[in-house]
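A.B. asks: Provided below are the primary sequence and the corresponding predicted coordinates.
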Amino acid sequence: MTNTEKYNDIFAQVFGAKAGELGDNYSKENVPAWDSVHQLNIIALMEETFDLMLDPEDIMACTSYNAGKEILGRNGIEL
Amino acid sequence: MRRADYITSAVRERSLCFMLVENNVCSVEWVMASLVSRRLVPLVISAKTDEALYNRLLDTYKPAYIWQGGELIRTNNAITELHPELSHLLPTSGSTGSQKLVRHCYGNIEAAGLNIATFFGLKETDRPLMVLPLYYTMGMSMLFSHLRVGATVLITNLSMTDAAFWKFMKDARATSFTGVPYSFRILSLMRFFRMDLPDLELLTQGGGKMPRELNIKFAEWCRDHNKRWIATYGQSECTARMAYLPPQWAVEKAGSIGIAVPNGELWLIDENGNRITTPHTEGEMCYRGKNVTMGYAACTADLAKGDERNGSIRTGDLAYFDEDGCYYIAGRKGRFLKLFGMRVGLDECEQIIADNCQTDCACVGTDEKMIVYITDAAKTQAVKDTLAEKTHIVATSFEIRVIDAIPKNETGKKLYSKLDKI
């Protein structure tokens, strides 16, 4: 699996989201189910999948599909 | 209270009102004013309630009023009979779409407020931070207990993973925090233990059993930082809190739900209904107190019913007590889980799957995770997606397992105990 596939799979696991729905508009504002529980689950899976230790600042910043990509980028994971 | 006066003048007869609340001052004001006025009997639900469930609730209970976003609207429904002591209604399980409601009376509010204020030692200068939803029994009980002593409740709709939340907690100088096990996992991940929160004096937990390691981490931190850690146990059926673990036992007896709240009584019964008097013997836990609600409602006519419980209830939880009389939950008789502190009905989940995915299924599990057994492997993803979508619970909470057939007896009843052995 490529890193992008792995990253998309995280969202599938957390939201049951189909990869086609993922994109620029996939965010806390547009996804009704996106609450702190979902946000922490995304973070936990990102840490597990890419072998990272993320900071509270990253947890707070992870409010959209794109923001998650940026967090990975800052931690040296290229998609 | 001016809002209560307004309600009394605007609403002539006691009427059912659906209140779609958010965690903000306006919602608190209207819910409390409705209770004080005794004119509006609110069903308190989330403003984000699933549309299908909301429509079913409307069809079932036909409220004369609906309150949303600060506006009170008279519907076309006739005013139906409400029991004079009926104060408010809460859903038994918001996430699975159950229409069964818990019927509270005005005496429950008084009793819960008094009991909770007593064992927490609440006072006027307290500034509790309320992140639990207002439509959740424990959230509402925070209001009843703190408003009773004239404390200032700090209510917020902010997510705990939002930087603004932490700024609010500090700037508003919160003195206590109440959460479910998952709230404390978030606190832990957000480096709570390194934060400087000099005003914070009390941490309280309810909404299901907390993982032992996390529980001890918080209990020890509180002990070492001159703060109180109080674990509690409760049910919607009893206006939230029924037991608490006194803080001096927080570390030593971590995992225990402690003793009955003031003015309440806990006891155990065996399979024949006899009272258990020996420590470390498992039985069904029972509770008696004025916070025990009147009963359930499943239709409009039920709202006219009076008290069906006479102040005592079998909790459905299996427990034992130790030599000091502290109770420990050992299991559950009822068909539900508490995921993230919210009750999730297993039979309702099976119904959701049956309605949407056309596969035979059986739902079991723990408060950590639901295990869903299905017989059609091709439906695995669909089942997971459907449950996440309908319940709004994170999809990782559902583990789907495929088996050849769901074990059943001759009459077609599912044999859940056999699933453990597969």
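C.D. replies: Arrived safely.

A.B. asks: B:Val25 and B:Leu154 touch, don't they?
C.D. replies: No: B:Val25 is beyond contact range of B:Leu154, at 10.1 Å (criterion: C-beta atoms under 8 Å). C-beta coordinates here come from the backbone N, C-alpha and C atoms, glycine included.

A.B. asks: and these two? which has more neighbours close in?
C.D. replies: Per other C-beta atoms under 10 Å in any protein chain shown, whichever of B:Val25 and B:Leu154 has more neighbours is B:Leu154, with 20 against 9.

A.B. asks: and the more buried one, what are its bridge partners?
C.D. replies: B:Leu154 forms beta bridges with B:Leu129, as assigned by DSSP bridges.

A.B. asks: quick check: buried residues in the helix ranked longest in chain A?
C.D. replies: The longest helix of chain A (DSSP state H) is helix A:36-50. Residues A:36-46, A:49-50 are the ones in helix A:36-50 that count as buried (16 or more other C-beta atoms under 10 Å in any protein chain shown).

A.B. asks: OK, now which residue of chain A is nearest to chain B?
C.D. replies: A:Gly16 (3.5 Å; C-beta to the nearest C-beta).

A.B. asks: and that residue, how far from B:Val41?
C.D. replies: 37 Å (C-beta to C-beta, to the nearest Å).

A.B. asks: what does chain A put close to chain B?
C.D. replies: A:12-16, A:32-33, A:35-41, A:43, A:45, A:56, A:59-60, A:62 (C-beta under 8 Å from any C-beta of the partner chain).

A.B. asks: now with 10 Å?
C.D. replies: Contacts of chain A with chain B, taken as C-beta under 10 Å from any C-beta of the partner chain, map to A:10-18, A:28, A:32-45, A:54-57, A:59-63.

A.B. asks: before we move on, the earlier item: so for the longest helix of chain A, mean pLDDT?
C.D. replies: In this model, helix A:36-50 carries a mean pLDDT of 92.

A.B. asks: dump the longest strand anywhere in chain B to CSV, restricted to CA.
C.D. replies: In terms of residue count, the longest strand belonging to chain B (DSSP state E) is strand B:312-321. Coordinates of each C-alpha in strand B:312-321 appear next as CSV, following Å, rounded to 0.1, in the frame of the first residue of the first chain:
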residue,chain,number,x,y,z
SER,B,312,-36.2,1.2,44.1
ILE,B,313,-34.7,-0.4,41.1
ARG,B,314,-32.7,-3.5,40.0
THR,B,315,-29.8,-2.1,38.1
GLY,B,316,-29.1,-4.9,35.7
ASP,B,317,-25.5,-4.8,36.7
LEU,B,318,-23.7,-7.7,38.5
ALA,B,319,-21.6,-6.7,41.4
TYR,B,320,-19.9,-7.7,44.6
PHE,B,321,-18.8,-5.8,47.7
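
A.B. asks: buried stuff in it?
C.D. replies: Under 16+ other C-beta under 10 Å, the buried positions of strand B:312-321 are B:313, B:315, B:317-321.

A.B. asks: strands paired with it, and their directions?
C.D. replies: strand B:283-288 (antiparallel), strand B:327-332 (antiparallel).

A.B. asks: where does pLDDT dip in the chain?
C.D. replies: Since no chain was named, I'll use chain A. In the predicted model of chain A, residues A:17-19 satisfy pLDDT under 70.

A.B. asks: hm, I was asking about chain B
C.D. replies: B:1, B:94-97, B:421-422.

A.B. asks: please parse it into its domains.
C.D. replies: Under the assignment automatic domain parsing, the domains of chain B span B:2-80, B:107-332, B:339-419.

A.B. asks: the shortest one near chain A at all?
C.D. replies: Translated: domain B:2-80. Yes: with C-beta under 10 Å from any C-beta as the criterion, chain A is reached by domain B:2-80 at B:48, B:50.

A.B. asks: where do the helices sit along the chain?
C.D. replies: Chain wasn't specified; assuming chain A. Using DSSP H, helices in chain A cover A:3-15, A:36-50, A:56-61, A:65-74.

A.B. asks: could you do chain B instead?
C.D. replies: B:2-10, B:25-37, B:51-61, B:106-120, B:137-148, B:163-171, B:181-189, B:212-224, B:346-357, B:380-391, B:416-419.

A.B. asks: which secondary structure elements does the first one sit against?
C.D. replies: Taking 3 or more C-beta pairs under 10 Å, 6 or more residues apart in numbering or on different chains; DSSP states H and E as the contact definition, the neighbouring helices and strands of helix B:2-10 are helix B:25-37, strand B:40-46, strand B:65-68, strand B:71-74.
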